[in-house]
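*Asks:* here is a sequence with its predicted model. Questions after.
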Amino acid sequence: MSAAPTPLIGLITDEIAARGPMTVARFMELALGHPEYGYYRTRDPLGRGGDFITAPEVSQMFGELIGLWAAVVWEQMGRPAPFILAELGPGRGTLMNDALRAARAMDGFVEAARLHLVETSPVLRAHQGETLTAHAPAWADRIEDLPPGPAIIIANEFFDALPVRQFVRQSGDWFERLVVSDGDDFDFTTGREAIADADLPADAPEGAVVEKTETAAALMGTLAARLVREGGAALIIDYGHTGGVGDTLQALRAHQHVDPLTTPGEADLTTHVDFAQLARAAHAAQARTFGPVGQGNFLLMLGLAHRAERLAAGKDRETREKIEAATRRLIARSEMGTLFKALAVTAPALAAPPGFENT
């Protein structure tokens, strides 16, 4: 697993030499978030010229439907004015820009919204500032830094990039998967001491891998506690599952899968979100949850088919075909429709949000 020398590789190698094998979570933390060399601190990773494309770049319809979702939730909340409209990891600001344009259909929503973006990347903050300048965004490094008050919080493909720990089943016990270095390459190994943890399944087969998203669970706990205390709702959309065993760590570079250990700081590292664990963390904070539901069904419930039909009306054949292709990508089982899921988290008194009425 040879890695071309970079400053970040040198820093990771030095830390392993000084402290011993590194957890997968620590490796992800440094690879993605090192303040000087981390992946998200140094580049715009989105779009065809980057490493991956998210749903807001697939079609304006995605953000528009999220905006209408937020507007209806705001009405369910009693139309508080002002209120906090926040997005976690807002990319270039594309989703929020489309959402606010569509949400103008709800009288008073945009005027009442105070836009806050939770973003640590200087590169992406600059893009967001350009895209959303008309809405006077404010930025925060953490959820805890958002001002008080009722809030609607959106997180699209945010939780998948949070660090996870991995555990491997060997000889009837669980051992933590660790990263080691021989000075030139990184590789996986396992810790020497067996891990006694009631959350790790006792009946898993030999060689099984389990991921624990402690960072994501803690963040969800903070988010849910805020909603219970201040009022409001959050919408989380990401790719993931509802519990199980498996190694989902992956790296993307230039839209191609690469080895997660070879290019830290140069590739996007993600894992599949454990929605069941997020829901448990929200319930522990006394919040309500709805879903998860597949992204395809969720968007169809919000009116995607009707919006696509209206968007295509009167357009030339090429434009209609592009709209049809984008719609398929968002909802088809073979694309984003099933793997990607939506989860709503709300204050206890709030009714089921749009798209979750039957969950």
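*Replies:* Structure received. Numbering: from 1, shown residues only.
*Asks:* my read: Val179 touches Asp187, true?
*Replies:* Yes - using CB atoms under 8 Å, Val179 is in contact with Asp187, at 7.4 Å. C-beta here means a position set from N, CA and C on the backbone, and glycine is covered the same way.
*Asks:* show me whatever sits in contact with both of those two.
*Replies:* Common contact partners of Val179 and Asp187 (CB atoms under 8 Å, 6 or more residues apart in numbering): Leu261.
*Asks:* of the two, who's got more company?
*Replies:* More neighbours surround Val179 than the other of Val179 and Asp187, with 20 against 12 (other CB atoms under 10 Å).
*Asks:* in contact with that one, which residues?
*Replies:* 12, 16, 21-24, 26-27, 186-189, 261.
*Asks:* in space, what's closest to Arg320 - neighbours in sequence excluded?
*Replies:* Nearest residue to Arg320, sequence neighbours excluded (CB to CB, 6 or more residues apart in numbering): Ala312, at 4.6 Å.
*Asks:* hang on, that neighbour packs against Glu321?
*Replies:* No - if you go by CB under 8 Å, Ala312 and Glu321 don't touch, sitting 9.1 Å apart.
*Asks:* just to revisit the earlier point, count of residues packed around the residue nearest to Arg320?
*Replies:* Counted with other CB under 10 Å, Ala312 comes out at 16.
*Asks:* list the contacts for it?
*Replies:* With contact taken as CB under 8 Å, 6+ apart, Ala312 is in contact with Thr319, Arg320, Ile323, Glu324.
*Asks:* surely the last one meets Glu309?
*Replies:* Translated: Glu324. No - if you go by CB under 8 Å, Glu324 and Glu309 don't touch, sitting 10.2 Å apart.
*Asks:* as a quick check, tell me the outermost residue of this structure.
*Replies:* Distance from the C-alpha centroid of the chain, by CA atoms, centre = their mean, peaks at Gly314 (35.5 Å).
*Asks:* in terms of helices and strands, where is it?
*Replies:* Counting by DSSP states H and E, there is no helix or strand that carries Gly314.
*Asks:* and it, backbone torsions?
*Replies:* When read as degrees, to the nearest 10, the backbone of Gly314 gives phi 80, psi 0.
*Asks:* just the element for Ala225, please.
*Replies:* Counting by DSSP H and E, Ala225 is part of helix 214-230.
*Asks:* show me what that helix is packed up against.
*Replies:* For helix 214-230, the contact count by 3 or more CB pairs under 8 Å, 6 or more residues apart in numbering; DSSP states H and E identifies strand 151-156, strand 232-241, helix 275-284, strand 340-346 as packing neighbours.
*Asks:* show the contacting residues for Leu304.
*Replies:* Met61, Leu65, Thr327, Leu330, Ile331.
*Asks:* wait, the second one sits on Gly303?
*Replies:* Yes - here Leu65 lies in contact with Gly303, judged by CB under 8 Å, at a distance of 6.7 Å.
*Asks:* settle it for me: which of the two has more neighbours?
*Replies:* Between Leu65 and Gly303, counted using other CB under 10 Å, the more crowded position is Leu65 (25 against 17).
*Asks:* from the helices and strands packed on helix 214-230, which stretch is densest packed?
*Replies:* When the helices and strands packed on helix 214-230 are scored by mean count of other CB atoms under 10 Å, the highest mean neighbour count falls to strand 340-346 (a mean of 27).
*Asks:* now do that strand against strand 151-156, angle only.
*Replies:* Inter-element angle recorded for strand 340-346 and strand 151-156: 170 degrees (by axes from the mean of the first three to the mean of the last three CA atoms, to 10 degrees).
*Asks:* how distant is strand 340-346 from the center of its chain?
*Replies:* Put simply, strand 340-346 sits 11 Å off its chain's centre (CA atoms, centre = their mean, to the nearest Å).
*Asks:* name the residues that touch that strand?
*Replies:* 55, 220, 223-224, 227, 232-240, 273, 275, 278-279, 282, 287-295, 298, 352-353, 355-356.
*Asks:* tally of neighbours for the closest residue to Leu132 other than its chain neighbours?
*Replies:* Nearest residue to Leu132 in three dimensions, chain neighbours excluded: Gly93, at 4.6 Å (CB to CB, 6+ apart). For Gly93, the count of nearby residues is 26 (other CB under 10 Å).
*Asks:* ramachandran angles for Gly93?
*Replies:* Phi and psi for Gly93, reported as degrees, to the nearest 10, are phi 90, psi 10.
*Asks:* show me what contacts it?
*Replies:* So Gly93 contacts Leu117, His127, Gln128, Gly129, Glu130, Thr131, Leu132, Pro137 (CB under 8 Å, 6+ apart).
*Asks:* for Arg79, same thing?
*Replies:* Arg79 sits in contact with Gly108, Ala112, where contact means CB under 8 Å, 6+ apart.
*Asks:* and it, which of the three is it?
*Replies:* Of the three states, Arg79 takes coil according to DSSP: H, G, I helix; E, B strand; the rest coil.
*Asks:* where in the stretch 101-250 of the chain is pLDDT low?
*Replies:* 245 (pLDDT under 70).
*Asks:* what ranges do the strands span in it?
*Replies:* Applying DSSP state E, counting those that start in this stretch to the stretch 101-250 of the chain gives strands spanning 113-118, 138-140, 151-156, 165-170, 173-181, 186-190, 209-212, 232-241, 250-253.
*Asks:* tabulate those strands (a markdown table), appending distance to Tyr37.
*Replies:* Formatted as a markdown table, the strands of the stretch 101-250 of the chain follow (distance: least, CB to CB, whole Å):
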| stretch | distance to Tyr37 |
| --- | --- |
| strand 113-118 | 22 |
| strand 138-140 | 21 |
| strand 151-156 | 25 |
| strand 165-170 | 22 |
| strand 173-181 | 16 |
| strand 186-190 | 15 |
| strand 209-212 | 25 |
| strand 232-241 | 26 |
| strand 250-253 | 15 |
